[in-house]
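K.L.:
I need the structure of the sequence given here:
(one chain, ligands or ions: 2)
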Amino acid sequence: MATERTFSILKPDATKRNITGAVNAVIEKAGLRIVGQRRIQMSKAQAEKFYEVHSARPFFGELVEFMTSGPVVVQVLEGDNAIAKYREVMGATNPAQAAEGTIRKTFSESVGENTVHGSDSAENAKLEIAQFFQDSDIAA
Ligand code: ADP
Ligand code: MG
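P.N.:
Ligands and ions are numbered 1, 2, ... in the order given. As a prediction, this is how the structure comes out:
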């Protein structure tokens, strides 16, 4: 299996409830390594750009509002098959449908405020990492 990097966000519901360490423990236990991590306040423009693909969806305004409602932790995760692995560890978008033991099943309260983001493809992982990290910050 190939070593990959994926982009993760611990969303405002995670920082607000002070559970970023608990979520990171699940990430690390799954064999993913946190090779980049920064706590930021996302601007409206950053959130709109990040979720541009969802701009026509009815929940877009709510999503941008939520993502800018408090600090987030942006991360780069590394490991074997990291992109698919992290999607598995996160669980389904709607926590009500997420499998036992996943981050969203364990911690999330709604489909909107669902604690974590993870890239869904190699192409998006690359673009998303580049939106928030300089290459020099996440060099091997
Ligand atoms: P995922 O984060 O699992 O890749 P999507 O890409 O479909 O899910 O959606 C992006 C984000 O938009 C979700 O993580 C969630 O925060 C929000 N979202 C998705 N669907 C809804 C919905 N029906 N109502 C409110 N927010 C939603
Ligand atoms: Mg998505």
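K.L.:
Enumerate every residue touching residue 39.
P.N.:
15, 71-73 (CB atoms under 8 Å, 6 or more residues apart in numbering). For glycine as for every other residue, the C-beta is placed from the backbone atoms N, C-alpha and C.
K.L.:
ok, 10 Å please
P.N.:
Residue 39 makes contact with 10, 15, 20, 71-74, according to CB atoms under 10 Å, 6 or more residues apart in numbering.
K.L.:
pretty sure it belongs to a strand, no?
P.N.:
Yes: counting by DSSP: H, G, I helix; E, B strand; the rest coil, residue 39 is located in a strand.
K.L.:
Please name the bridge partners of it.
P.N.:
Here residue 39 sits in beta bridges with residue 73, going by DSSP bridges.
K.L.:
quick one: the strands in the protein?
P.N.:
3-10, 33-40, 72-80, 116-118 (DSSP state E).
K.L.:
Figure out which of the ones you listed is closest to ligand 1.
P.N.:
Closest approach to ligand 1 among the strands of the chain (CB to the nearest ligand atom): strand 116-118, 5.5 Å.
K.L.:
Around residue 6, how many other residues sit close by?
P.N.:
Neighbours of residue 6 under the rule other CB atoms under 10 Å: 28.
K.L.:
from memory residue 36 sits against residue 138, does it?
P.N.:
Yes: the pair residue 36 / residue 138 is scored as a contact, 4.2 Å apart, by CB atoms under 10 Å.
K.L.:
so what sits against both of these two?
P.N.:
Each of 5, 75-76, 78, 129 lies in contact with both residue 36 and residue 138 under the rule CB under 10 Å, 6+ apart.
K.L.:
Distance from the chain centre to stretch 39-48, please.
P.N.:
Its chain's C-alpha centre and that of stretch 39-48 lie 13 Å apart, by CA atoms, centre = their mean, to the nearest Å.
K.L.:
Would you mark the buried spots in it?
P.N.:
Neighbour counts using 16 or more other CB atoms under 10 Å place 42, 46-48 of stretch 39-48 among the buried residues.
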